[in-house]
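Enquirer: test case, fold it:
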Amino acid sequence: MSNRWKVGERIQKRYEVHFIHGGGFGTVYLCYDHEGKMPVALKTPKEEHLGDKRFKDMFRQEAEAWVRLERHKNIVRAYNFIEINFRPFIAMEYIVGDDMYGVDLSGWISRGGLSLKTTLDFAVQFCLGMEHAQKKFKELGRPFVHRDVKPANILITRDRVLKVTDFGLVKALGETEKVMGTPEYMSPEQFIKGAEVDIRSDIYSFGCVLFEMLSGRQPYEIDREKYPDPHPDFEPLIYKEMHINDPIPHVMDYVSSIPEGLDGLVFRCMAKEREGRFDDFGSIRHELMNIYREHTGEGYEIEKIDDIKLEAWELVNKGASLCNLGYTDEALECYDRAIEFDPEDALAYNNRGVFYASKGYYDIGIRDFDRAIELNHEFAEAYCGRGNAYDDKGEHDLAIRDYNKAIELKPEYALAYYNRGLAYYNKGEYDLAIRDYDMAIELNPEYAEAYYNRGFAHEKKGFYKEAIRDFKKFIGLAPPQYAEVVMNVKAMIRDLEGRV
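Expert: Purely as a prediction, here's the structure:
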């Protein structure tokens, strides 16, 4: 299916699309963020998978894992998790690759860009990224397995910094019933449904990648004379047979000039049984650094990163992402830490206000919105958030006052018009409510809730045909999680049709 946005268009009037990359089950829009004044990559499920709960759950799992990894030089940074018109996005670091070799490791392999020194450098950087990921999950008391280590998921910046990406199959919840990965790089146990998978599976896949970096070929390749044109569904079975039963190849059989110790390291990574492999990436890194020293005569310098702390804005982003993913208590902790780090961070107060108001602590939330507005008098979102808290308290006039200010500051703020419409509806001023819903829909023609609530306002006015039209439009736009609401709306439509 075609992509939802095209090059040159803007997502939510904020992210201008410059390039679109599709692969697997997701689409990545490479954009310029006109509000953040920075390039950003937005990853979202492909159109055909948006209605599939399994894929959406996997995507949320990926987002959670990625956000928890926080900041590390050798991991593609996930800034936050957001939803736009019910579509989930992961906002990520925008990586610019090398002009000759491209953005991921596969280009470096296929175009001959890897000397032995460069290969060792990239291998050490990969280990550092994986060590960080395993450490972060250990702190959370949870296992970490990437499950899809391959050249396409290893990005290289223009200044040769390696970054691990695509955590869509991370074993974050301990599930083992699914067979997942890319067959060319999967460990023997990954092919067996229900088999236990741990970090040593990633070590096996890393061995396959390192083999390919050194030799220019994959360790197991399909014999095209024996299988000249295998069906795509049959290829994984061929790889399964080779990874489980074929002898482990030696890199030195293809490239005799590599150090014997490096050949042994790759061979051990690719042991058929997990017990024969390295236990962790730290052990591999130490051996690689020794080989690097022997080969180059230079020590490998590692940047000191243990003391890096998230800055206030990063904590706010992490908090917002965790809140969107349902981890509200951890989100609150992030906002508290951000405010402690920077007591004048208006966004942190605003987001904490949203948290408290959503929990029913309206006065505490209003106090945080007050502080956000005090720090930034032009903070339209804070006025809108405070308006929501007032409206939920039943103080509709105060809410409308704040929505007016938000709209004055940000005339194209569809949410502010929508919320002001709700406040007018709650006051029984249905004509004003309809006017605001009209404006929200004009600004965002896919605003499902605006159609839904305008339908109720039309029904209150006795405009039954208009109400039916709005409710049908809502049904056409409603995301899968609104299935129960859609059933109720269909019943309302039948009732209204009986009145027309």
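Enquirer: what lies in contact with stretch 286-302?
Expert: Residues outside stretch 286-302 that contact it (CB atoms under 8 Å, 6 or more residues apart in numbering): 116-117, 120-121, 123-124, 127-128, 259, 261-262, 265. (Glycine included, C-beta is placed from N, CA and C.)
Enquirer: list the buried residues of it.
Expert: 287-289, 291-292, 300 (16 or more other CB atoms under 10 Å).
Enquirer: give me the subset of these that lies in helices.
Expert: Of the positions in those, 287-289, 291-292 sit in helices, assigned by DSSP state H.
Enquirer: any idea whether residue 135 is helix, strand or coil?
Expert: Counting by DSSP: H, G, I helix; E, B strand; the rest coil, the backbone at residue 135 sits in helix.
Enquirer: what do you get for residue 231?
Expert: The three-state assignment at residue 231 reads coil, by three-state DSSP.
Enquirer: could you measure from it over to residue 237?
Expert: Distance, residue 231 to residue 237, using CB to CB, to the nearest Å: 10 Å.
Enquirer: then residue 99?
Expert: Noted for residue 99: a distance of 39 Å to residue 237, by CB to CB.
Enquirer: these two - which one has more neighbours?
Expert: residue 237 (13 against 7; other CB atoms under 10 Å).
Enquirer: that older thread, can you lay out the buried residues of stretch 286-302 as JSON lines showing distance to residue 447?
Expert: Putting those into JSON lines (distance: CB to CB, whole Å) gives the following:
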{"residue": "287", "distance to residue 447": "57"}
{"residue": "288", "distance to residue 447": "53"}
{"residue": "289", "distance to residue 447": "55"}
{"residue": "291", "distance to residue 447": "58"}
{"residue": "292", "distance to residue 447": "56"}
{"residue": "300", "distance to residue 447": "54"}
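Enquirer: backbone torsions only: list them for the residue most central in space within the chain.
Expert: The centroid of the chain falls nearest to residue 90 when counting by CA atoms, centre = their mean (3.1 Å). The phi/psi pair for residue 90 (degrees, to the nearest 10) reads phi -110, psi 120.
Enquirer: who's in contact with the closest residue to it other than its chain neighbours?
Expert: Distances taken as CB to CB, 6 or more residues apart in numbering place residue 43 nearest to residue 90, at 4.6 Å, with adjacent residues excluded. Neighbouring residues of residue 43 by CB under 8 Å, 6+ apart: 26-29, 89-90, 92.
Enquirer: can we see that at 10 Å?
Expert: 21, 26-29, 59, 62-63, 66, 78, 88-92, 165-166, 168 (CB atoms under 10 Å, 6 or more residues apart in numbering).
Enquirer: in helices, which of those residues fall?
Expert: 59, 62-63, 66.
Enquirer: now for whatever helix or strand residue 108 lives in, which elements pack on it?
Expert: Per DSSP states H and E: residue 108 is located in helix 105-110. The contact analysis (3 or more CB pairs under 10 Å, 6 or more residues apart in numbering; DSSP states H and E) places helix 105-110 against helix 116-139, strand 154-156, helix 199-215.
Enquirer: if we go to 6 Å?
Expert: Using 3 or more CB pairs under 6 Å, 6 or more residues apart in numbering; DSSP states H and E, no helix or strand is in contact with helix 105-110.
Enquirer: please identify the buried residues of the helix or strand harbouring residue 368?
Expert: Using DSSP H and E, residue 368 sits within helix 362-375. By neighbour count with 16+ other CB under 10 Å, helix 362-375 contains the buried residues 362, 365-369, 371-373, 375.
Enquirer: next one: stretch 319-330
Expert: For stretch 319-330, by 16+ other CB under 10 Å, it's 319-325, 327.
Enquirer: element containing residue 417?
Expert: Here residue 417 is assigned to helix 414-426, by DSSP H and E.
Enquirer: give the next helix or strand downstream of that helix.
Expert: helix 430-443.
Enquirer: thinking again about what came up before, tell me the two of the ones in helices among the contacts of residue 43 that are most distant?
Expert: By the measure CB to CB, 59 and 66 form the most distant pair in the ones in helices among the contacts of residue 43, at 10.5 Å.
Enquirer: and residue 436, how many neighbours does it have?
Expert: Neighbour count for residue 436, taken as other CB under 10 Å: 28.
Enquirer: what of residue 413?
Expert: Residue 413: 22 neighbours (other CB under 10 Å).
Enquirer: how close does it sit to residue 371?
Expert: From residue 413 to residue 371 the distance is 21 Å (CB to CB).
Enquirer: can you list the low-confidence ranges for the stretch 301-450 of the chain?
Expert: Scanning the stretch 301-450 of the chain with the threshold set as pLDDT under 70 gives 304-310.
Enquirer: err, the chain, not the other one
Expert: Checking the chain against pLDDT under 70 turns up 1-3, 23-25, 168-179, 304-310, 480-481.
Enquirer: quick check: domain ranges of it?
Expert: The record's domain parsing of the chain by automatic domain parsing lists 10-92, 105-296, 312-411.
Enquirer: which of these sits most buried?
Expert: Counting by mean count of other CB atoms under 10 Å, domain 312-411 has the highest mean neighbour count of these, with a mean of 20.
Enquirer: out of the contacts of stretch 286-302, which is nearest to residue 470?
Expert: Distance to residue 470 across those (CB to CB) is lowest for residue 128, with 54.7 Å.
Enquirer: list phi and psi for the residue nearest to that closest one when sequence neighbours are not counted.
Expert: Counting by CB to CB, 6+ apart, residue 128 lies nearest to residue 74, which is 4.9 Å off, once chain neighbours are set aside. Residue 74 has phi and psi values of phi -100, psi 20 when expressed as degrees, to the nearest 10.
Enquirer: residue 74 and residue 144: what is the separation?
Expert: For residue 74, the distance to residue 144 - CB to CB - is 15 Å.
Enquirer: now do residue 157
Expert: 24 Å.
Enquirer: go on, residue 500?
Expert: When residue 500 is compared with residue 144 (using CB to CB), they lie 59 Å apart.
Enquirer: what of residue 121?
Expert: 24 Å.
Enquirer: again with residue 368
Expert: 34 Å.
Enquirer: again, but for residue 301
Expert: Taking CB to CB as the measure, residue 301 falls 26 Å from residue 144.
Enquirer: same question for residue 191.
Expert: 21 Å.
Enquirer: which other residues reach the helix or strand where residue 238 lies?
Expert: Element membership for residue 238, per DSSP H and E: helix 235-245. The contact list for helix 235-245, computed with CB atoms under 6 Å, 6 or more residues apart in numbering, reads 183, 188, 191, 220, 222.
Enquirer: can you put the residues you listed in TSV and add distance to residue 140 and secondary structure?
Expert: TSV is the format used below for the contacts of helix 235-245 (distance: CB to CB, whole Å; DSSP: H, G, I helix; E, B strand; the rest coil):
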residue	distance to residue 140	secondary structure
183	30	helix
188	28	helix
191	28	helix
220	35	coil
222	40	coil
